[in-house]
Structure formats: C-alpha cells, structure tokens
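> can you look at this prediction? I've put the sequence above it.
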Amino acid sequence: MTRALRTEHPVSAGGVVCREGEDGLDVVLCGRTSPAIWALPKGTPEPGETREQTAVREVTEETGLEVGADRLIDSIEYWFVRDGVRYHKTVHYYLMRATGGSTSRHDHEFDEVRWFAAQDAIKTMTYENEVRVVEQGLSLATKKGSSSRK
C-alpha cells in the first residue's frame with residue numbers, strides 16, 4: 001500500500017519592481033546560473049509580518065534595492081514535491097518602486113540582479129506564471145503613470 005504524501009501550504013510574497021527607463025518601463029529580475037533562471041524576487045514571511053512587509057523585506061534583501069509597495073498585483077499558485085512532502089505554494093506579488101539602494105548590494109541567493117526593459121524581461125523570464133504577473137504589473141504601472149501625469 002502506498003502512503004499518501006503529506007501536503008503543506010506555504011505562502012510567500014514578492015514584487016515587480018518598476019522604474020522609468022530610456023524606452024518605457026524597466027523591471028528588475030534575479031538570475032541564477034545553476035540552475036539557469038531569471039525570476040522575480042520573493043520570500044517567506046517572518047513571524048508577525050504582513051504579506052506586504054514580507055514582500056518589501058524580501059525584495060530589498062534579494063535585489064539590494066530599497067523599495068516601496070504600491071499595491072497588490074495578483075497571486076500565483078503552484079505545486080511541487082520535495083523530500084517526500086507535497087507543497088501547494090501561494091505567492092503574493094506587489095507592484096513596487098525603487099526608492100534607493102543598488103542591485104550590486106543583492107544577497108547571495110542570486111548570482112546576478114539586473115534591470116531589463118519590460119519586453120526584454122518578459123522574454124527572459126523562466127516561469128510563465130511570473131510573466132503573467134509582470135504583464136499585469138506593467139499594465140497597472142502604466143495606468144498609474146498616465147493618471148498621475150494628467
């Protein structure tokens with residue numbers, strides 16, 4: 001008889017950090033060489049943190065940028081198995097703006113953190129569900145920018 005895997009439901013939070021670039025919006029991505037990925041910064045809450053506080057702290061740690069959260073974009077869910085445990089993970093992403101810092105100060109979790117022109121970021125990203133979040137974030141950032149220029 002096969003024993004059913006235990007299921008856990010972890011939650012994390014992260015962000016889509018945008019800035020005005022030369023040809024429109026830029027997005028920051030975090031890269032790793034092995035395995036090769038380009039992804040959004042995200043991480044796990046510390047006790048007592050709200051999702052937004054987690055997103056701001058994790059994005060700051062992973063990118064080296066000081067950030068502020070503007071609003072929730074969306075959440076993604078996915079499944080994976082590790083060490084005999086099945087995980088159903090939910091990640092909440094916030095639209096963010098850089099207020100200082102430098103990508104050169106990113107932590108050890110990633111090999112490189114870099115700004116990409118929005119369309120280059122979308123083409124470079126590893127995970128399709130994160131691409132969808134970036135597209136939503138860019139749409140919100142564009143609407144926000146156009147309404148603040150009126």
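Right, received. Where do you want to start? Everything quoted here is computed from the prediction, not taken from an experiment.

> center of the chain, which residue is that?
The geometric centre of the chain, computed from its C-alpha atoms, lies nearest to L40 (CA atoms, centre = their mean), at 3.2 Å.

> so that residue sits against G15, correct?
Yes - L40 lies in contact with G15 (CB atoms under 8 Å); the separation is 7.0 Å. Placement of C-beta: from N, CA and C, glycine included.

> what touches both of these two?
Taking CB atoms under 8 Å, 6 or more residues apart in numbering as the criterion, L40 and G15 both touch Y93.

> do you know how far the residue nearest to the centre of the chain is from L29?
7 Å (CB to CB, to the nearest Å).

> what sits in contact with each of these two?
What both L40 and L29 touch, as defined by CB under 8 Å, 6+ apart, is the set M125.

> then the lowest-mean-pLDDT helix or strand in the chain to PDB, C-alphas only?
Among the helices and strands of the chain, helix 128-148 carries the lowest confidence by mean pLDDT, DSSP states H and E, at a mean of 86. Extracted C-alpha coordinates of helix 128-148, given in PDB (Å, rounded to 0.1, in the frame of the first residue of the first chain):
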ATOM      1  CA  GLU A 128       5.300  31.700 -17.300                       C
ATOM      2  CA  ASN A 129       3.100  32.300 -14.200                       C
ATOM      3  CA  GLU A 130       5.500  35.100 -13.200                       C
ATOM      4  CA  VAL A 131       5.400  36.500 -16.800                       C
ATOM      5  CA  ARG A 132       1.700  36.900 -16.300                       C
ATOM      6  CA  VAL A 133       2.200  38.800 -13.000                       C
ATOM      7  CA  VAL A 134       4.800  41.100 -14.700                       C
ATOM      8  CA  GLU A 135       2.400  41.900 -17.500                       C
ATOM      9  CA  GLN A 136      -0.300  42.700 -15.000                       C
ATOM     10  CA  GLY A 137       2.100  44.900 -13.000                       C
ATOM     11  CA  LEU A 138       3.200  46.700 -16.100                       C
ATOM     12  CA  SER A 139      -0.400  47.400 -17.000                       C
ATOM     13  CA  LEU A 140      -1.100  48.800 -13.500                       C
ATOM     14  CA  ALA A 141       2.100  50.900 -13.500                       C
ATOM     15  CA  THR A 142       1.300  52.300 -16.900                       C
ATOM     16  CA  LYS A 143      -2.200  53.300 -15.900                       C
ATOM     17  CA  LYS A 144      -0.900  54.800 -12.600                       C
ATOM     18  CA  GLY A 145       1.700  56.700 -14.500                       C
ATOM     19  CA  SER A 146      -0.700  58.100 -17.100                       C
ATOM     20  CA  SER A 147      -3.200  59.100 -14.400                       C
ATOM     21  CA  SER A 148      -0.500  60.900 -12.400                       C
END
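
> good, we can wrap up now.
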